[in-house]
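Student: Pasting the sequence and the predicted model now:
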Amino acid sequence: MNEFDLIIIGAGTSGLPTSRVAANNGKKVLLLGEGPIGGKCVNWGCTPTKALVYCTHLYKETLKASKFGVKTGKVELSFSEAMDYTRKLVKNSLEQNEKRLASFEKIEYIPKNAKFINDSEIEVDGETFSAPALLIATGARNFIPPINGLENVQYLTNKNMWSLKELPKSIGFIGGGFISCEFASIFNIFGSEVSIFERNDRVIIRADELISKSLNQYFNEDGIKIYKNTQTSNVRSKNNKIIVKTNRGEEIELDQLMVATGFKSNADKLNINVSNVDLDHRGYVVVNEFLETTNPKVWAIGDIVGKQQFTHMALRESKAVLNNIFNNKKVKVKFEDIPYAAFTEPPIGSVGRTESQLKDAGIPYKIAQTELPHCSRGLIMQLNRGHVKLLHNEKEIFACHIIGEYADNLVHEIVPLIGVHNGWDLFKEIIHAHPTLAEIFSNLQK
Ligand SMILES: Cc1cc2nc3c(=O)[nH]c(=O)nc-3n(C[C@H](O)[C@H](O)[C@H](O)COP(=O)(O)OP(=O)(O)OC[C@H]3O[C@@H](n4cnc5c(N)ncnc54)[C@H](O)[C@@H]3O)c2cc1C
């Protein structure tokens, strides 16, 4: 049996970079992973979705160009060319990842499914491996809800939609979360008729109410039809179309249907019940702030820990876990107040708790709020929508929620101030260069 310092199960967003950093630090690594290396983010998550967001955003901006004296001629957006660009980007990233991985002598990579056979050994294809440290980085997969008839129609997910050849005339989304809303924005700009079936009274229910309500309003203004408080009771195919029946009996005919109803832990593929690693009630691996599981030889990072399922979180955990496995001085990982962005049209940037979370926790707060267009740069850019909101008390800033142009970047001004005991005072001292969009924050420095 080969000797390894570390076995990593899952060669995805978190597992792959962890293997490279460990090898660069002289560790001998066995990397076990089924599916394309790089995992979800590069192959069917962040990279391709944001590539399409960029194409559609550029198109939208170019349409406005004549207002600013820019003569462009006829502006067109080609679905097939944007999809080709996206597929090429993903293919190049995959090839680069493969080439880079092959150059590491200290990493042995087996592209196969791996599972525990006891609390310290892993089996791949009938072969058994062990190491002083085992790291689970197997992520989560799409959760497909039990909807009558769904198994008989060819529905899309964020995984298989990249092979679409033609722009659908109409597309519906089951679920109104971040992923649906990003795709809904994309297809709406391409010119498809877009519907979202959402069981709550608004899309992106997880966001602060102002942000979520504003997005609903903007989607309505932009022609995206939101079926709110709606359950999909039945789905069927008819003459190359997909018919979605709602709990209110409405029947909606669509060219394509995408299901984006959250994620499911991949722990069930690991034979984890023999590993002495505890799972929570949702099937995610239980870890403490040092990313240790209930088995002292096993650590876990990324979506499989079921906390903040973002790439930036997976990468932070990757860094921390290597330190915690190989060094005596452990570092903690913070799972709260993690910033995130949603690349909808317009985008969202958020950090910290929502108003309803603060209310539930019994924390008194004040609201400082302004409209994104209300600054010089907003005027120059002729912005007409967007909000910026801070939740704070006399000393501390609890949260920042933004919707509008560059919200995904703007939020980072507040990220370092969250939870800082004099964050509100520090914020009020910041001088913003004129005329930047970040100057919008000076409206709140009262
Ligand atoms: C459409 C979409 C858009 C997104 N956009 C963003 C974004 O803009 N920003 C952001 O921060 N996050 C985004 N995310 C989330 C982000 O992609 C994930 O949080 C991140 O990729 C999780 O990384 P991971 O390493 O935990 O899992 P993965 O990257 O999924 O890697 C897990 C790997 O383990 C493999 N595996 C599973 N079981 C086994 C087994 N038993 N043996 C061997 N291998 C196994 C899997 O095949 C996979 O390759 C997006 C997600 C989606 C779906």
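Tutor: Structure received.

Student: From what I see, Thr62 and Val75 are in contact.
Tutor: Yes. Between Thr62 and Val75 a contact is recorded at 4.9 Å, counting by CB atoms under 8 Å. To be clear about C-beta, it is placed using only N, CA and C from the backbone, and glycine gets the same treatment.

Student: Would you mind naming what in the stretch 1-150 of the chain lies close to the ligand?
Tutor: Residues of the stretch 1-150 of the chain found near the ligand (CB under 6 Å from any ligand atom) are 9-15, 32-35, 39-41, 45-46, 49-50, 113-115, 137-139.

Student: Check those residues for burial and list the buried ones.
Tutor: 9-15, 32-35, 39-41, 45-46, 49-50, 113-114, 137-139 (16 or more other CB atoms under 10 Å).

Student: among those, which are in strands?
Tutor: 9, 32 (DSSP state E).

Student: Which of the buried ones among the residues of the stretch 1-150 of the chain next to the ligand fall in helices?
Tutor: 15, 39-41, 46, 49-50 (DSSP state H).

Student: Put together CSV for these, with pLDDT on each row.
Tutor: Shown next, in CSV, are these (pLDDT from 0 to 100):
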residue, pLDDT
Gly15, 98
Gly39, 97
Lys40, 97
Cys41, 97
Cys46, 98
Thr49, 98
Lys50, 98
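
Student: Quickly name whichever of these is closest to the ligand.
Tutor: Distance to the ligand across these (CB to the nearest ligand atom) is lowest for Gly39, with 2.3 Å.

Student: State the distance from that closest one to Thr311.
Tutor: 9 Å (CB to CB, to the nearest Å).

Student: joint contacts of those two?
Tutor: Taking CB atoms under 8 Å, 6 or more residues apart in numbering as the contact rule, Gly39 and Thr311 both touch 13, 45.

Student: For the chain, give the residue positioned nearest to the ligand.
Tutor: Counting by CB to the nearest ligand atom, the chain gets nearest to the ligand through Gly12 (1.8 Å).

Student: Now do the contacts for the residue lying closest to that residue once chain neighbours are set aside.
Tutor: Spatial nearest neighbour of Gly12, chain neighbours left out: Gly39 (2.0 Å); criterion: CB to CB, 6 or more residues apart in numbering. Shown in contact with Gly39 (CB under 8 Å, 6+ apart): 10-16, 33, 45, 139.

Student: any idea which of these is the one closest to His434?
Tutor: Of all the contacts of Gly39, His434 sits closest to Gly45, with 37.5 Å by CB to CB.

Student: Run through the helices of the stretch 201-350 of the chain in chain order.
Tutor: 209-221, 311-326 (DSSP state H, counting those that start in this stretch).

Student: For burial, what's the neighbour tally of Ala82?
Tutor: Ala82: 20 surrounding residues under other CB atoms under 10 Å.

Student: no wait, Cys375
Tutor: 24.

Student: was I right about it contacting Leu444?
Tutor: No. The pair Cys375 / Leu444 is not scored as a contact, 10.9 Å apart, by CB under 8 Å.

Student: contacting residues around the residue nearest to Gly302 when sequence neighbours are not counted?
Tutor: Leaving aside its chain neighbours, Gly302 sits nearest to Ser14 (3.6 Å; criterion: CB to CB, 6+ apart). Contacts of Ser14 were listed using CB under 8 Å, 6+ apart, and they are 39, 137, 139, 301-302, 314-315, 317-318.

Student: With Asn43 instead?
Tutor: Contact analysis of Asn43 by CB under 8 Å, 6+ apart lists 35-36, 90, 94.

Student: what's the answer for Asp408, then?
Tutor: 341-343, 347-349.

Student: Name the nearest residue to Leu426, sequence neighbours excluded.
Tutor: Leu417 (5.8 Å).

Student: Count the residues that sit near the one you found.
Tutor: 21.

Student: my guess is it meets Lys395, correct?
Tutor: No. In this structure, Leu417 is not within contact of Lys395 by CB under 8 Å, at 11.1 Å.

Student: Overlap of the contact sets of the two?
Tutor: 423-424.

Student: give me the element Lys395 is part of.
Tutor: Using DSSP states H and E, Lys395 maps to neither a helix nor a strand.

Student: What residues does the stretch 151-300 of the chain have near the ligand?
Tutor: So the stretch 151-300 of the chain meets the ligand at 158, 179, 266, 269-270 (CB under 6 Å from any ligand atom).

Student: And those, which two are furthest apart?
Tutor: Maximum distance among these (CB to CB): 24.6 Å, for Ile179 and Leu270.

Student: Many thanks, we can stop here.
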